[in-house]
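Undergrad: Generate coordinates for the sequence data below:
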Amino acid sequence: MSNNPILSVLGWSGEYQRLRDTIRDGEGAASVFGVGEGHKIHLAASLSREFDCILYVAANEASAVRAEEQLRGFGVDASHFPLREVPLSGKLFAASQELTSSRLKVLSRLNAGSAVVTASAEALMQRIAPPDAFAGGTMVLNEGEAYDIKALLVRLLSAGYERVEQCEGRGQFALRGGILDVFPAESDLPYRLEFFDDEIDSVRTFDPVTQRSVEKQNAVRIIPATELPLTEIARQRGITALKKKPGNMQEELEALQSGATPCGLERLTVLFYPETHTLLSCLPKGAVIVIEEPQRVYESAETAFAAFSENVAALLEGGEAQGCEAELYISPADFIKGLETVRTVMLFSLTRSFSMIRPKAVFRFEARAVAKYSTGMEALHTDIISWLRSGYTIAIYAGNHMERLRDQLSDSGLEAAATEKLNRDLVQKEFIIVGESLPFGFEYPEIKLALITEAELYGSARRRTGPLRKRPQLVFSDLSVGDLVVHETHGIGRFTGVESLTVQNNTRDYLLLQYAGGDKLYIPTDQLDRVQKYIGATDAEPKLSKLGGTEWQKAVSRTREGVKALAMDLVKLYGERQRIKGFVFSADTPWQRRMEENFPYEETPDQLTSIEEVKRDMESGKVMDRLLCGDVGYGKTEVALRAAFKAVMDSKQVAFLVPTTILAQQHYSTLCSRFSGFPVTVELLSRFKNAKEQSDIIKRIANGRVDVVVGTHKLLSSRVKFKDLGLLIVDEEQRFGVGHKEKIKDIRRSVDVLTLTATPIPRTLHMSMTGIRDMSVIETPPEQRYPVQTYVVEYSDAIVREAVLKELGRGGQVYIVYNRVRSIEGFASRMGELLPEARIAFAHGQMNERILERTMLDFLNGAFDVLVCSAIIESGMDIPNVNTIIVYDADHFGLSQLYQLRGRVGRSTRLGYAYLTFRRDKVLTETAEKRLTTIREFTQFGSGFKIAMRDLEIRGAGNLLGPEQHGHMAEVGYDFYCKLMAEEVSKAKGIEEHPSVDCSVDIPVDAHIPHNYISGENRRLEMYKRIASISTTEDMFDVQEELEDRYGDIPKSVQNLMDVALIKANAELAYITQLTVREGEMRFTFHKNAKLNGAKLFELCSGIKGAHLVNAESTVLAVIRNNRDVQSLLSELPHFVYMLMHCIDKY
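TA: Numbers count the residues shown, from 1 in each chain. The predicted structure is shown next:
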């Protein structure tokens, strides 16, 4: 229940009290007249304080989403029940979980008996499984109670959960020994259940990225992961029905018979549950149904039902759908009938009747909308004086503007109380300003109340779109048999598997690598920190290195030299720039603060950090040269325009350089919108301006009458001369030609430069560049209401038609990505025949540049509904009205391409849809199956995402460092390249690095990870990599904690492995290259360049029984321990190594 004091003010109204009592007594449907859009939400929010369950019915999806946002703005914990969008045609292979998860959360809350839900007419007409099936599929597992694990797994599968090796996304579970991981469909985090025999010993949440526990819990509630949880009776009923169905339903049938729930089964709901149920069936007793404009709701229901019926009829005629799908919607009449209860409230702005629901009581509210005051304070001042004279209560929710507004009103003679947060009910006749935000204002003359918000004062209220999460950092890439790997000493080989070798009862695991000529190399798992998966800068596969050959060392030397030259250049350039004096910009002005406060969203933490870094550079007096990295839509433009505004406030000019005319147009529109209301002149210089207009703009730039100019490379022409250029903003510099880059380089010497890039930069590279390249990174996306709903589906014309018409029906536009330039025109013609209702254009990168730009601009301006295009839209395009993308032959694209293509939609407040289609082979080959599995993984949060991001980061590294470095990256692999880069940058900066010492450890103890402890090969390799990376005691404790958390009690052989890893790390710090342990003896061989302190070493030898130095090329210390076995010597080793570390002069 919301405690917002604004929701208690309707208690002052006698009409509201009567309405509340009528609902409580269940006297029948009620009509409420005179309530505008804002008052409807306020009324529903107020009722949510009185009643446990409210269903708010809106005409369409946009209105239902808006209602949820506004209810949340009043502090109501509302949920939107989205329309189910499972395609009726085509064979669905996979679908992302976001949409289903949102629907399941609502069903779960209704099942619990307390919820505030918003839904559209169409969403409420869709049939669902009966409430009993959902309730029966819900489990609550408590700590300390006993359960049959096998029975639990069966129930999870029946509830639609998928068994996986590692639990990363909603609707998944994994079992490892006595540990069960499950990601409930309604949870933000997955749960880990640790069993002792059949009793749950502990329950805790864990992070799906790191797989580490987060917080201890007492229980977990697991709701079904599908809207169609199947009871045994329903499953058998469906199997029987499917056996009688013609068509290709064999895969679904086999999945059902195996106990699983196939993807997209919701379209066959009627076969499993013939009785009719909708969301209305799930409402608990006593629920209040609030209908916003009933006539509009009914008309929307009729329209949706007609469109659905027409679509199904066409699909049935073409043999693309099953007959039972025609029954997935109830009729509009049945829908309205279901809305009529003894606690139904119909809200009308005007007095009108709705004959389909006869009201038993009628209420009228006196309510008015509040005026907009964004044009000036005079009208606000006048209204406040009038309200005060009439004895009104006035509350102004001004958000961040509270102090400024109070001062402004005080200057004009109006004194108001002010508080950051209002924790009490309003007092009648008070005048108060509150530092909080509400969605909108309103006036109730009957109770003499006026509420004003930022929306009326400044044009918009700040919006938070949800919890902010950083993009997950990438971890060790999964190794699969056949992958190429890089060993730092031996070069590029092929991973052929992990082999266990047992010598004298001691088992060790080794990576088996194959090199040129069939040579084999066994790599001990304690050397895994020397091995990385080969990831090149291109798709071309490198040749294998030859063991013992010189080619690999030559490649490393070439790369090191190239990296060294780059590092020296960067350090030198950075030093020069630090010495050059630039313009010292002033601190932020009041106008700057006002412009920033008008930003309609809450800045992400990364945005705020980047803004601070940019401003600090501008005010420092040095010439700024900062790179700002962040994905499309992460808020780079807002950072740039704040910098631009700051420059203009000091009477400096700003040039905003972009690679394409379309982007120039988009940035120009954004700047005009954000700078409106301020005396800032913004112009656009591009091909879309005629010669006369261009000449005029150039003239005004020269005499200083243009403050900010956005343009393509035309800005770099010798004709364009600035009167006083203070800031150059460059968007995607890597997309400019060499000549243009040279001109940008010249400008850089004396003018502040901010460069933007949408390609992510590898974190390792970012860290190594610290101190030689000023970089700001935005990793936190402004989270959308819904991520893009993704479907992997077999291609058919029917599914294209269904998806396009659905998008056009909500006023949107569509991309169809067809990546074959030769036949794209013919394909576009075929789409025109398939979709005669749509205006279709096509575009690809080999078109005449002017025609391409004109096509794209026309599409941006809404002249076309569908754009058939190649992958040119992969980066840069931002058209909020395009919210459906269909990718033809998606299995022929790389995952990083699919990631960026999908990012082109879902850029507004609407839910975006991505259909990744493939043409299924008549005989599904192994290659085709692998492609299919790969894009199916893309709909999950796990490996597909990681691969896509890794791919993009490599591209980002190449863009940042240039083509020559790209070549080096391909030669030695991405990870090893980054390591070399970090080393050379440190040297160039004069940081003394510890020489690289690789200690070979030979300790014959059982040191490996047993298969019965970690079963999956990839997970075992990942953990071997983690253990090999241990360098401190804290690292070892961290790995121990992770192992116990994820896999249970640590076996002795795994503890030995960790002990050896820590000993090896410390031995390398002591310059020990060889450490050998045999029964009764330990032997330490030092690096020939070890900085040994002889006095300390002799003192140590004399103090240790059995220690003596051995004559050899390098210094060797032997310690004799008669009658001591290897395991007991292993326990002494850490102490010995620690003492030897202090024989090195550095210590």
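Undergrad: Need the pLDDT of Thr764.
TA: pLDDT recorded at Thr764 is 56.
Undergrad: any idea where the helices of the stretch 851-1000 of the chain begin and end?
TA: Along the stretch 851-1000 of the chain, the segments classed as helices by DSSP state H, counting those that start in this stretch run 895-902, 926-937, 943-961, 963-972, 974-988.
Undergrad: meant to ask about the stretch 201-350 of the chain
TA: Taking DSSP H, counting those that start in this stretch as the criterion, the stretch 201-350 of the chain carries its helices at 232-243, 250-257, 269-272, 294-317, 332-339.
Undergrad: Quick check: mean pLDDT of the last one?
TA: In this model, helix 332-339 has an average pLDDT of 96.
Undergrad: Same check on the first one?
TA: Averaging pLDDT along helix 232-243 yields 90.
Undergrad: again with the shortest one
TA: What helix 269-272 shows for mean pLDDT is 92.
Undergrad: For that helix, output the C-alpha coordinates as CSV.
TA: Extracted in CSV, the C-alpha atoms of helix 269-272 (Å, rounded to 0.1, in the frame of the first residue of the first chain):
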residue,chain,number,x,y,z
THR,A,269,-3.9,-23.7,-25.0
VAL,A,270,-7.4,-24.9,-26.0
LEU,A,271,-6.1,-28.5,-26.7
PHE,A,272,-4.9,-28.8,-23.1
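Undergrad: just checking, what packs against it?
TA: Packed against helix 269-272 by the contact rule (3 or more Cβ pairs under 8 Å, 6 or more residues apart in numbering; DSSP states H and E) you find helix 232-243. C-beta here means a position set from N, CA and C on the backbone, and glycine is covered the same way.
Undergrad: Quick check: the gap between the residue nearest to Glu613 when sequence neighbours are not counted and Asp625.
TA: The shortest distance from Glu613 to any non-neighbouring residue, by Cβ to Cβ, 6 or more residues apart in numbering, is to Ser776 (5.0 Å). Note on Ser776: its distance to Asp625, by Cβ to Cβ, to the nearest Å, is 12 Å.
Undergrad: which of these two has more neighbours?
TA: In terms of neighbours (other Cβ atoms under 10 Å), Ser776 is the more surrounded of Ser776 and Asp625; the figures are 23 against 20.
Undergrad: Can you get me the start-to-end distance on stretch 650-667?
TA: Chord length of stretch 650-667, first to last residue, is 22 Å (Cα to Cα, to the nearest Å).
Undergrad: ok, now stretch 45-59?
TA: End-to-end distance for stretch 45-59: 18 Å, by Cα to Cα.
Undergrad: Pull out the buried residues from that stretch.
TA: 45-51, 53-59 (16 or more other Cβ atoms under 10 Å).
Undergrad: now, among these, which is nearest to Val342?
TA: The closest of the buried residues of stretch 45-59 to Val342 turns out to be Phe51 (Cβ to Cβ; 12.7 Å).
Undergrad: Export stretch 823-839 to PDB, keeping only CA atoms.
TA: C-alpha atoms of stretch 823-839 as PDB (Å, rounded to 0.1, in the frame of the first residue of the first chain):
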ATOM      1  CA  SER A 823      18.800  -9.900 -54.800                       C
ATOM      2  CA  ILE A 824      17.500  -7.300 -52.200                       C
ATOM      3  CA  GLU A 825      15.500  -5.400 -54.800                       C
ATOM      4  CA  GLY A 826      13.700  -8.600 -55.900                       C
ATOM      5  CA  PHE A 827      13.100  -9.500 -52.200                       C
ATOM      6  CA  ALA A 828      11.600  -6.100 -51.500                       C
ATOM      7  CA  SER A 829       9.300  -6.500 -54.500                       C
ATOM      8  CA  ARG A 830       8.200  -9.900 -53.100                       C
ATOM      9  CA  MET A 831       7.500  -8.200 -49.700                       C
ATOM     10  CA  GLY A 832       5.400  -5.600 -51.500                       C
ATOM     11  CA  GLU A 833       3.200  -8.400 -52.900                       C
ATOM     12  CA  LEU A 834       3.000 -10.100 -49.500                       C
ATOM     13  CA  LEU A 835       2.200  -6.800 -47.800                       C
ATOM     14  CA  PRO A 836       0.100  -4.600 -50.200                       C
ATOM     15  CA  GLU A 837      -1.100  -2.500 -47.100                       C
ATOM     16  CA  ALA A 838       2.500  -1.400 -46.400                       C
ATOM     17  CA  ARG A 839       4.700   1.300 -48.000                       C
END
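Undergrad: before we move on, back to that, and the buried residues of stretch 45-59, which of them are in helices?
TA: Here DSSP state H is the test, and the buried residues of stretch 45-59 give 45-47 as lying in helices.
Undergrad: In JSON lines, list those residues along with distance to Gly323.
TA: Shown next, in JSON lines, are those (distance: Cβ to Cβ, whole Å):
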{"residue": "Ala45", "distance to Gly323": "44"}
{"residue": "Ser46", "distance to Gly323": "47"}
{"residue": "Leu47", "distance to Gly323": "42"}
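Undergrad: can the residues you listed go into CSV with extra columns for distance to Ala115 and pLDDT?
TA: Below are these laid out as CSV (distance: Cβ to Cβ, whole Å; pLDDT from 0 to 100):
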residue, distance to Ala115, pLDDT
Ala45, 14, 95
Ser46, 17, 95
Leu47, 13, 96
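Undergrad: and of those residues, the nearest to Ser718?
TA: Nearest to Ser718 among these, with distances taken as Cβ to Cβ, is Ala45, at 61.6 Å.
Undergrad: distance of that closest one from Ala78?
TA: Using Cβ to Cβ, one gets 8 Å for the distance from Ala45 to Ala78.
Undergrad: Find the nearest non-adjacent residue to Leu513, please.
TA: Nearest residue to Leu513 in three dimensions, chain neighbours excluded: Gly493, at 3.8 Å (Cβ to Cβ, 6+ apart).
Undergrad: what's across from the one you found in the sheet?
TA: Val485 (DSSP bridges).
Undergrad: ok, so of the ones in helices among the buried residues of stretch 45-59, who is nearest Leu867?
TA: When these are compared against Leu867 (criterion: Cβ to Cβ), the nearest one is Ala45, at 41.1 Å.
Undergrad: how near is that closest one to Arg364?
TA: 20 Å.
Undergrad: rewinding a little: give the contact list for the residue nearest to Glu613.
TA: 609-610, 613-614, 626-629, 639 (Cβ atoms under 8 Å, 6 or more residues apart in numbering).
Undergrad: follow-up on the earlier one: got any residues that touch both of Ala45 and Ala78?
TA: The contact lists of Ala45 and Ala78 share Leu71, where a contact means Cβ under 8 Å, 6+ apart.
Undergrad: Could I get the CA-only coordinates of stretch 114-129 as CSV?
TA: Extracted in CSV, the C-alpha atoms of stretch 114-129 (Å, rounded to 0.1, in the frame of the first residue of the first chain):
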residue,chain,number,x,y,z
SER,A,114,-3.0,-8.8,-3.4
ALA,A,115,-2.1,-6.8,-6.5
VAL,A,116,-2.7,-3.6,-8.5
VAL,A,117,-2.7,-4.6,-12.2
THR,A,118,-3.1,-2.6,-15.4
ALA,A,119,-4.2,-4.3,-18.6
SER,A,120,-5.5,-3.6,-22.1
ALA,A,121,-8.8,-4.8,-23.4
GLU,A,122,-7.0,-7.2,-25.8
ALA,A,123,-4.7,-8.7,-23.1
LEU,A,124,-7.9,-9.5,-21.1
MET,A,125,-9.5,-11.2,-24.0
GLN,A,126,-6.7,-13.8,-24.4
ARG,A,127,-7.4,-17.2,-23.0
ILE,A,128,-5.0,-18.6,-20.4
ALA,A,129,-4.6,-21.8,-18.4
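Undergrad: Next, the buried residues of that stretch.
TA: Buried residues in stretch 114-129 (16+ other Cβ under 10 Å): 115-129.
Undergrad: Also stretch 997-1014?
TA: Of all the residues in stretch 997-1014, those buried under the rule 16+ other Cβ under 10 Å are 997, 999, 1001, 1003-1009, 1013-1014.
Undergrad: How about stretch 407-416?
TA: The neighbour-count check on stretch 407-416 (16+ other Cβ under 10 Å) flags 409, 414, 416 as buried.
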